[in-house]
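Student: here's my sequence, what's the structure:
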Amino acid sequence: MKPLGTVISTEESPTTQEFSFVLEEGAPVKKNQFIQTASEEGTVFGLVREITRANRYFERAESVAEYEKESSISTHFPVKSWEYAIGEVRILGLMNKVGDKYRHWRVSLPPSPGAKVLPADEQMLNDFIGFQPDGLMLGKLQNHDVQAKVSMTRLLQKHLAILAMSGAGKSHLASVMLEELLDRKKEDGRISVVVIDIHGEYIGFKSDPKYGKQVRIVEGKSISVPFSNLNPELLGTLFPDMTGPARVELGKILKQMAEDSKQNNTVYGMQDLIARVETAGMNKNTKDSLMRPLYELLSMRLIHPTRKNPNLYELRPGEMLILDLSDLDDQKRKKAIVTLIASRLFKLRRKGSIPPFMLLVEEAHNFAPERSKSVHTPSKFVIEKIAREGRKFGAALCVVSQRPVQLSTTTLSQCNTHVILRVTNPNDLDHIRQSSEGLDDRTMRSITSLKVGEGIIVGEAINYPAFVEIRDRKSRKMEKGEPLHLQAIKFDSDQQKKEEEEDDEIEAFLD
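Tutor: Model (predicted):
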């Protein structure tokens, strides 16, 4: 390998924690690049944290100002030949080969001045960061020709959070990950995937020639609960503050209605249940505790007298179910659907009735908000429960959010891996810093300057935080809604047509 530079001696370095090196002319060295050099102990492995340029001709401001008054200083002196660049390196440890793997040790002796600095060996990088040959290929390690293949188990079993501002590439990264999960071979271990799609961003998978057969889409408007399935447990899941006596009374009334329906061949609905509760002889406080959730449930239009759900729980390994909620405007109904489905999936997984799965929740801050009690947002309670207990049962959670500060701290702290794309909001950055281990000040500053499609992986999935360039999608991208300019053109065209029709009607009337 061609050397990148030479270790130099300064007042502060080399030490066992850092060193500086002067770059070879034209050497392809970049910030956040991994490098290696030699010491008596073996191979010292490090990361370029900063690069500075220096030139002795430009050190004294008064001299430069004086020369520049008449002509450029470069016309008087060979300034270019005195320019040099210095790389500042943070030492990450010793990487010496044992068998066919590189092992990591603590450094006890710094590298010597004069030692040559080389690009990091590819296998050394993979072993240090923890990339796996059979992992999910999310992209490539920034500044290196190394594929970022992350272990599925390490990435998902202890849950994943994808965090970024709007437009930074959250859904793109999620789609790349979904492709990798759908591409996995049986012998490598396949899981089922359930996606809570809020804006119709993932529906293109169904029409994709490669992935379409592995994908089912269920539209939100088709999701309902048959009245015959309504029970105190279900209502308690949606309304956790409902009292015990209220549940007991509800159970009695529903049991009587079921018997009447069987005897009289009558179909009942929410209005009938509310009428029976209103006329039932029960304690006033108990009745009041029961009426509020019943009226709220009625307003959601979630309970239907007869219509049954499409099969939501017939999950298969290597396949994906997309719950497209983009056709629903009622936020309470969306939360109720997420609550019921997530709760049911977790219960079935605990029984072993369905395969291990990953539940991906888009706009997770809406379903598990930090400043809302579970009583008011029941989906928060279920998502937090999966975050706390899911790893034991093969129920993985992936939350996607553009407002980390508004996302439940419990949920975020239980996500042991974070993939962070560009974030600029100071409150969000502070929240990320508090919930993500291994992020120092320099790395946090880098997050604000990430380009679209660049991100940093930190946490359980890898051994050391790594900047990654997310790969291009293989699947077809198709979202609901038209581009803004086409919507504007259509609106103007419709308005013009409407005005012309009105003018024609006026002329016809005058004639």
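
Student: shaky segments in the stretch 401-511 of the chain?
Tutor: 438, 479-487, 490-491, 500-511 (pLDDT under 70).

Student: phi, psi for E122 please.
Tutor: With angles defined as degrees, to the nearest 10, E122 sits at phi -60, psi -50.

Student: burial measure for it, as a count.
Tutor: By other C-beta atoms under 10 Å, the residues close to E122 number 13. Every residue, glycine included, has its C-beta placed from N, CA and C.

Student: count of residues packed around the nearest residue to it once chain neighbours are set aside?
Tutor: With C-beta to C-beta, 6 or more residues apart in numbering as the criterion, E122 has its nearest non-adjacent residue at 5.7 Å, and that residue is V146. By other C-beta under 10 Å, the residues close to V146 number 19.

Student: phi, psi of V146?
Tutor: phi -130, psi 130.

Student: how about it, what does it touch?
Tutor: Applying C-beta atoms under 8 Å, 6 or more residues apart in numbering to V146 gives the contacts 122, 125-126, 131, 140.

Student: F357 now?
Tutor: Taking C-beta under 8 Å, 6+ apart as the test, what F357 contacts is 191-194, 315, 345, 349, 394-396.

Student: in CSV: these, plus distance to K116.
Tutor: CSV is the format used below for those (distance: C-beta to C-beta, whole Å):
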residue, distance to K116
I191, 46
S192, 51
V193, 48
V194, 52
L315, 55
L345, 56
R349, 54
G394, 49
A395, 50
A396, 45
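
Student: considering these, which is situated nearest to K284?
Tutor: L345 (37.9 Å; C-beta to C-beta).

Student: distance between the strand or helix carrying the closest one and the chain's centre?
Tutor: L345 belongs to helix 331-351 when assigned by DSSP states H and E. Relative to its chain's centre, helix 331-351 lies at 20 Å (C-alpha atoms, centre = their mean, to the nearest Å).

Student: can I get that helix in CSV? Just the C-alpha atoms.
Tutor: This file holds the C-alpha atoms of helix 331-351, laid out as CSV (Å, rounded to 0.1, in the frame of the first residue of the first chain):
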residue,chain,number,x,y,z
GLN,A,331,-55.5,10.4,13.8
LYS,A,332,-57.3,8.6,16.7
ARG,A,333,-58.4,5.8,14.3
LYS,A,334,-54.8,5.4,13.1
LYS,A,335,-53.6,5.1,16.7
ALA,A,336,-56.3,2.6,17.5
ILE,A,337,-55.4,0.5,14.5
VAL,A,338,-51.7,0.5,15.4
THR,A,339,-52.6,-0.3,19.0
LEU,A,340,-54.7,-3.3,18.1
ILE,A,341,-52.4,-4.7,15.5
ALA,A,342,-49.2,-4.2,17.4
SER,A,343,-50.7,-5.7,20.5
ARG,A,344,-52.1,-8.7,18.7
LEU,A,345,-48.8,-9.4,16.8
PHE,A,346,-46.9,-9.3,20.0
LYS,A,347,-49.3,-11.7,21.7
LEU,A,348,-49.2,-14.1,18.8
ARG,A,349,-45.4,-14.0,18.7
ARG,A,350,-45.2,-14.7,22.4
LYS,A,351,-47.3,-17.8,21.8
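
Student: give the buried residues for it.
Tutor: Under the neighbour-count criterion of 16 or more other C-beta atoms under 10 Å, helix 331-351 has 332-346, 348-349 buried.
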